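Asks: Provide a 3D model corresponding to the input given below.
(one chain, ligands or ions: 1)
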Amino acid sequence: MEQYSVVRVIGTGSFGRALLVQTEGRGEKWVMKEIRLPKAESGMRTTRREAVLLAKMKHSNIVAFRESFEDDGHLFIVMEFCSGGDLLQRIRQQKGSLFSEDVILRWFSQMCLGTKHIHDKRVLHRDLKSKNIFLTEHGTIKLGDFGSACTLNSARAYAQTYVGTPYYVSPEIWDNQPYNNKSDVWSLGCVLYELCTLHHPFQSRSWKNLILKVCRGSYAPLPRHLPYELHYLIKHMFKTNPRDRPSIHTILNSHRVSRLLLKHLPEESKEMVEEPRNHWRKEEGENVAMFLGQKSLLTTSTNKGRSSNVSSLPESQSGDVGSRKKWAKGPSNTVLEVLANADIISSVGLGSSEGSDCRSEEVCTETQKKRERKKWDKDPSVRLLSLLGKLPLSTAFQTYTIHRHSADPLQGPLAAEQNDDDSTDGPEDILTDHSRLEPRSDDEDT
Ligand SMILES: Nc1ncnc2c1ncn2[C@@H]1O[C@H](COP(=O)(O)OP(=O)(O)OP(=O)(O)O)[C@@H](O)[C@H]1O
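Replies: Numbering: from 1, shown residues only. Reported below is the predicted structural model:
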């Protein structure tokens, strides 16, 4: 500690302060995060995890770790100082003037490299947002704030708590589904959208509509002057079913946007990315053509065999034949519960001048009757929304611990001392989704 002198306080976060410090001899500048250590053992473990995970990450697009130590009930993490500030500040400085396509692609491609490094280490960031992404004085992107990160193993992916920022949280979190690397992809989509428009994609005046918009993936289109590839990418990053979202690996290597991103990467980073694959080599093409030829014969004959049975089924059932398990286009059951309770919501203070998105009461009631799936505990939406109703929506930009199966689902950053069960990815109380453990062709999940 003595080797550092404090230059100034950069800012105060939910768990402590960030100080700009200088080393005694060489006068190098670093950021020292001073974090209050909670009293409970599990809380301490969670807090220390930020230092442990950051220390593991050595990448040109991730804030570099220098050291960490504990003193007087505090954890100190010393890390690289990004003098360009965070992206949220940068976006605000634009005062409405849009970033150029080059800037967007340059920054975004570096964010992808940083995120890919994290995911390759089987770590999820879980709180990617413009406020946690920094710029150096040379304009290099650095992902920071690993305070919410967790290591991913099959059990933890189902943990009942999630730490994230409501405005950037993906639909699966609100829908109480397991999370994985694709949840980070969603959040990164929000940051990309902010760079393209200077606005958040899911603007709303009420918590109810915020959650609805997220769960429907409903956002205003990007400005038309931006390249088609960015429109296409955003559409994919905001797929409500995480399986339909590309992984970062795909975005960098085999997505329609990959070549554009590669072109905008700094020279020294280009070697970290494989040459994007969106054309076939001759032999590959021949193999695939042969395979497809066989497959189409197979499919035709299968359909033929089935067709007589199918036609005798009512339309609703025949439509299901051969279809894969997929997420509904509309809002999830959790969200429909929210809608169904719209009156209650307004009466506890979440009233909004925006029209209700539940267009017909009968539709909601009907859908509610059909609901048989995994749900929040008894009357979860009432509880969640009454709780949310007491919070100003502006706090949805802060990091929260979302307890997905608890009486107190949303624990704000300024909540009193975390209690003993605040572990954010602990193995206790795991909700198992066996289908996720089955082998499958989608090799894009971490
Ligand atoms: N490595 C860094 N370089 C430059 N500024 C930083 C760095 N890390 C954090 N900051 C700045 O320090 C301030 C406090 O950051 P900190 O991560 O402690 O909390 P926060 O991000 O503001 O809040 P929270 O952690 O609750 O989301 C922020 O303004 C942030 O931009």
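Asks: Quick check: Phe397 vs the ligand, distance?
Replies: 9 Å (C-beta to the nearest ligand atom, to the nearest Å). Backbone N, C-alpha and C define where each C-beta goes, glycine included.
Asks: cool, and Asp120?
Replies: Distance of Asp120 to the ligand, computed by C-beta to the nearest ligand atom: 22 Å.
Asks: Show the model's pLDDT score for that residue.
Replies: pLDDT, Asp120: 94.
Asks: That one: how many residues sit nearby?
Replies: Neighbourhood size, Asp120 [other C-beta atoms under 10 Å]: 13.
Asks: same question, Thr197
Replies: A total of 19 residues lie near Thr197 under the criterion other C-beta under 10 Å.
Asks: Same question for Arg224.
Replies: By other C-beta under 10 Å, 7 other residues sit near Arg224.
Asks: Phi first, then psi, for it.
Replies: Here is the backbone geometry of Arg224 (degrees, to the nearest 10): phi -70, psi -20.
Asks: ok, it to the ligand distance?
Replies: The gap separating Arg224 from the ligand is 32 Å, by C-beta to the nearest ligand atom.
Asks: ok, now how distant is that residue from Tyr179?
Replies: Using C-beta to C-beta, to the nearest Å, Arg224 is found at 33 Å from Tyr179.
Asks: Point out where the stretch 1-150 of the chain drops to low pLDDT.
Replies: Filtered on pLDDT under 70, the stretch 1-150 of the chain yields the residue ranges 1.
Asks: Give me every residue in it that's in contact range of the ligand.
Replies: Selection of the stretch 1-150 of the chain residues close to the ligand by C-beta under 6 Å from any ligand atom yields 10-11, 13-14, 18, 31, 33, 63, 79-82, 86, 131, 134, 144-145, 147.
Asks: Now, those that are in strands?
Replies: Ile10, Gly11, Ala18, Val31, Lys33, Met79, Glu80, Phe134 (DSSP state E).
Asks: Next, count neighbours for the last one.
Replies: Read that as Phe134. A count of nearby residues for Phe134, using other C-beta under 10 Å, gives 25.
Asks: How about the residues of the stretch 251-400 of the chain by the ligand?
Replies: Within reach of the ligand by C-beta under 6 Å from any ligand atom, the stretch 251-400 of the chain has these residues: Thr399.
Asks: give me the residue from the stretch 251-400 of the chain nearest the ligand.
Replies: Closest approach between the stretch 251-400 of the chain and the ligand, counting by C-beta to the nearest ligand atom: Thr399, at 4.3 Å.
Asks: I'd say that residue and Thr165 touch.
Replies: Yes - contact criterion C-beta atoms under 8 Å: Thr399 and Thr165 qualify, at 5.2 Å.
Asks: who touches both of these two?
Replies: Counting by C-beta atoms under 8 Å, 6 or more residues apart in numbering, the shared contacts of Thr399 and Thr165 are Asp127.
Asks: Relative to the ligand, which residue of the stretch 151-300 of the chain is the closest?
Replies: Closest point on the stretch 151-300 of the chain to the ligand, by C-beta to the nearest ligand atom, is Thr165, at 7.3 Å.
Asks: Sorry, wrong one. I was asking about the chain.
Replies: Gly13 (2.1 Å).
Asks: Can you report how many residues lie near that residue?
Replies: Around Gly13 there are 17 residues (other C-beta under 10 Å).
Asks: Check Cys112 too.
Replies: 24.
Asks: now do Ala64
Replies: Per other C-beta under 10 Å, the neighbour tally for Ala64 reads 18.
Asks: Could you pull up the residues touching it?
Replies: Applying C-beta under 8 Å, 6+ apart to Ala64 gives the contacts Lys58, Met79, Glu80, Lys142.
Asks: could you redo the last one with a cut-off of 7 Å?
Replies: For Ala64, the contact set (C-beta atoms under 7 Å, 6 or more residues apart in numbering) comprises Met79, Glu80.
Asks: circling back: is it correct that the residue of the stretch 151-300 of the chain closest to the ligand is in contact with Val214?
Replies: No - when contacts are counted by C-beta atoms under 7 Å, Thr165 is not listed as touching Val214 (11.8 Å).
Asks: Tell me which of those two has more neighbours.
Replies: Neighbour tally, Thr165 and Val214, criterion other C-beta under 10 Å: the higher count belongs to Val214, 28 against 23.
Asks: So, low pLDDT: which residues of the stretch 151-300 of the chain?
Replies: 153-161, 277-300.
Asks: for it, what spans make up the helices?
Replies: 171-174, 181-197, 207-216, 228-237, 248-253, 258-264, 267-270, 282-312 (DSSP state H, counting those that start in this stretch).
Asks: do the stretch 1-150 of the chain as well
Replies: With DSSP H, counting those that start in this stretch as the criterion, the stretch 1-150 of the chain has helices at 41-56, 87-93, 101-120.
Asks: how about the second one: buried residues?
Replies: Using 16 or more other C-beta atoms under 10 Å as the test for burial, helix 87-93 gives Leu87, Leu88, Arg90, Ile91.
Asks: Among those, which pair sits farthest apart?
Replies: Taking C-beta to C-beta as the measure, those span a maximum distance of 7.1 Å, between Leu88 and Arg90.
Asks: Pull the contacting residues for the residue of the stretch 151-300 of the chain closest to the ligand.
Replies: Asp127, Lys129, Phe397, Gln398, Thr399, Tyr400 are the contacts of Thr165 under C-beta under 7 Å, 6+ apart.
Asks: Fine by me, thanks again.
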